[in-house]
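Undergrad: take a look and give me a structure for this.
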Amino acid sequence: MKSTHPQMPQRLLAWYDRHRRSLPWRARPGETADPYHVWLSEIMLQQTTVPAVKPYYETFLKRWPSVRDLAAADIHDVMAAWAGLGYYARARNLHKCAQIVTERHGGRFPDTEDALRELPGIGRYTAGAIAAIAFGRKATILDGNVERVVSRLHRLQTPLPKAKAELWALAEELTPEQRPGDYAQAIMDLGATICTPQKPACSLCPWNADCAAFAAGDQETYPRKAPKAERPQRYGAAFWMVNENGEVALRRRPPRGLLGGMLEVPGTEWGAAPLAQDAALRKAPVPADWRWSDGIVRHVFTHFALELQVATAMVRGRPLADAEWVPIDRLGAVALPSVMRKVAKLALAGAVRKQAAQ
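TA: Just a heads-up that it's a prediction; the model follows:
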């Protein structure tokens, strides 16, 4: 394992000054970073890519320009604005954190890692990023990009996730006293644009002379990763019912757990075995002339894959008492997660085909 050269942070910062990415949440050179902007972007970027986050970030900032505005928002509006970004516990924690910052801290984010980590949804990495970027604290960060950079520098043989502790220690060795916020963004940029998972641009890297994996020619094999466990498969059925007013029945999921607090198309439980259609219809929320849609909804969650059959029916009035009846043309404005948007797309496509056939 190679030792860290004392000039490495300075070389990286010199590279960053020439090649830094322009991002909506990033302060320009000479500007002071806004802690609200930094926090909002870092929460959104967890498990998500920069291109996916940009429109959500801009929408949130336009609707809720300050942490006080976000704290005062209705949680269902926040969830609706978040819909499609995934990992919905982040949205619930985002709203709760905004309320705590407003109520307990006067609308100002704490400026130390320890205090930041006491807030909902802020872990070790996010606390370090906010402390460094927004407040200029010497704080180490370790996201997926940084893991890749550091593991290649040292040719670390320990596979992820077991390697986390070693990677944190090695990343801390690199973190400088000077310009810690710029350094944090620089090493993230390095991983995102140069030290990429495939075909890294090693000839352009300011650290190529220090990189053990580059010297060995096996940089694309790092970080090492333990074999992934096979993702289990689950099955279920969804029941899409529309009334004469063009309203569709949706239910709100419990606030805790998978897709907590989001709206869903009513359906069966998701089980390990495929559900026969006649058995599924016995679990339908109301008696109706149910028709099965052509095709299957497939969706992959972190810990399992899901297949849903979709049954549709026309109903009179609002026969499902515990449902929210939403006009179909307003579905885009409600907190409908990606899997349920797929259900809606399949059901609506079937309705269009039926009309065309008449």
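Undergrad: with adjacent residues omitted, what lies nearest to E166?
TA: Excluding its sequence neighbours, the residue lying closest to E166 (CB to CB, 6 or more residues apart in numbering) is T158, at 5.8 Å. Using the backbone N, CA and C atoms, a C-beta is placed for each residue, glycine as well.
Undergrad: kindly report the same for H76.
TA: Among residues not flanking H76 along the chain, A335 sits closest, at 6.1 Å (CB to CB, 6+ apart).
Undergrad: so the one you found lies in a helix, does it not?
TA: No: A335: not assigned to a helix; according to DSSP: H, G, I helix; E, B strand; the rest coil it is coil.
Undergrad: wouldn't it be in contact with A80 here?
TA: Yes: A335 lies in contact with A80 (CB atoms under 8 Å); the separation is 4.0 Å.
Undergrad: pull up the overlap in contacts between the two.
TA: In terms of CB atoms under 8 Å, 6 or more residues apart in numbering, A335 and A80 are not both contacted by any residue.
Undergrad: more neighbours, those two?
TA: Using other CB atoms under 10 Å, the more surrounded residue of A335 and A80 is A335, with 25 against 18.
Undergrad: show me what contacts the more buried one?
TA: The neighbours of A335, taking CB under 8 Å, 6+ apart as the test, are 76, 79-80, 82-83, 261-263.
Undergrad: neighbours around the nearest residue in space to L190 that is not next to it in sequence, how many?
TA: In this structure, L190 finds its nearest non-sequential neighbour in V149, 5.8 Å apart by CB to CB, 6+ apart. When neighbours are counted by other CB under 10 Å, V149 registers 29.
Undergrad: any idea how far the strand or helix carrying V149 is from the chain center?
TA: For V149, the element it lies in under DSSP states H and E is helix 144-154. Distance, stretch centre to chain centre, for helix 144-154: 21 Å (CA atoms, centre = their mean, to the nearest Å).
Undergrad: now do that helix: which elements does it pack against?
TA: Using 3 or more CB pairs under 8 Å, 6 or more residues apart in numbering; DSSP states H and E, the elements in contact with helix 144-154 are helix 164-174, helix 180-193, helix 212-216.
Undergrad: what sits against the closest residue to E177 other than its chain neighbours?
TA: Leaving aside its sequence neighbours, E177 sits nearest to K138 (CB to CB, 6+ apart; 5.5 Å). Counting by CB under 8 Å, 6+ apart, K138 touches 132, 175-177, 180.
Undergrad: pLDDT weak spots in the stretch 1-150 of the chain?
TA: Applying pLDDT under 70 to the stretch 1-150 of the chain flags the ranges 1-4.
Undergrad: let's see that with 80 instead.
TA: For the stretch 1-150 of the chain, residues meeting the criterion pLDDT under 80 lie at 1-6.
Undergrad: so where do the strands sit in it?
TA: Assigned strands in the stretch 1-150 of the chain: none (criterion: DSSP state E, counting those that start in this stretch).
Undergrad: got it, and the stretch 201-350 of the chain?
TA: Using DSSP E, counting those that start in this stretch, strands in the stretch 201-350 of the chain cover 233-243, 247-252, 263-264, 291-292, 297-300, 305-315, 324-327.
Undergrad: how about the ones you listed in CSV, adding distance to P223, mean pLDDT and mean neighbour count?
TA: Converted to CSV, those look like this (distance: least, CB to CB, whole Å; pLDDT from 0 to 100; neighbours: other CB atoms under 10 Å):
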stretch, distance to P223, mean pLDDT, mean neighbour count
strand 233-243, 28, 96, 21
strand 247-252, 40, 94, 20
strand 263-264, 36, 92, 20
strand 291-292, 45, 94, 14
strand 297-300, 22, 95, 16
strand 305-315, 25, 95, 19
strand 324-327, 44, 93, 15
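Undergrad: please identify which of the ones you listed is closest to G191.
TA: Comparison of these against G191 by CB to CB identifies strand 297-300 as nearest, at 24.5 Å.
Undergrad: by contact count, what packs against that closest one?
TA: The contact analysis (3+ CB pairs under 8 Å, 6+ apart) places strand 297-300 against strand 305-315, helix 338-357.
Undergrad: wait, A129 touches L40, no?
TA: No: using CB under 8 Å, A129 makes no contact with L40, being 11.9 Å away.
Undergrad: so where is the stretch 201-350 of the chain shaky, pLDDT-wise?
TA: Scanning the stretch 201-350 of the chain for pLDDT under 80 picks out 333, 335, 350.
Undergrad: got the helices and strands packed on helix 144-154 as JSON lines, with mean neighbour count and distance to A27 columns?
TA: Output for the helices and strands packed on helix 144-154, formatted as JSON lines (neighbours: other CB atoms under 10 Å; distance: least, CB to CB, whole Å):
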{"stretch": "helix 164-174", "mean neighbour count": "16", "distance to A27": "22"}
{"stretch": "helix 180-193", "mean neighbour count": "22", "distance to A27": "9"}
{"stretch": "helix 212-216", "mean neighbour count": "17", "distance to A27": "32"}
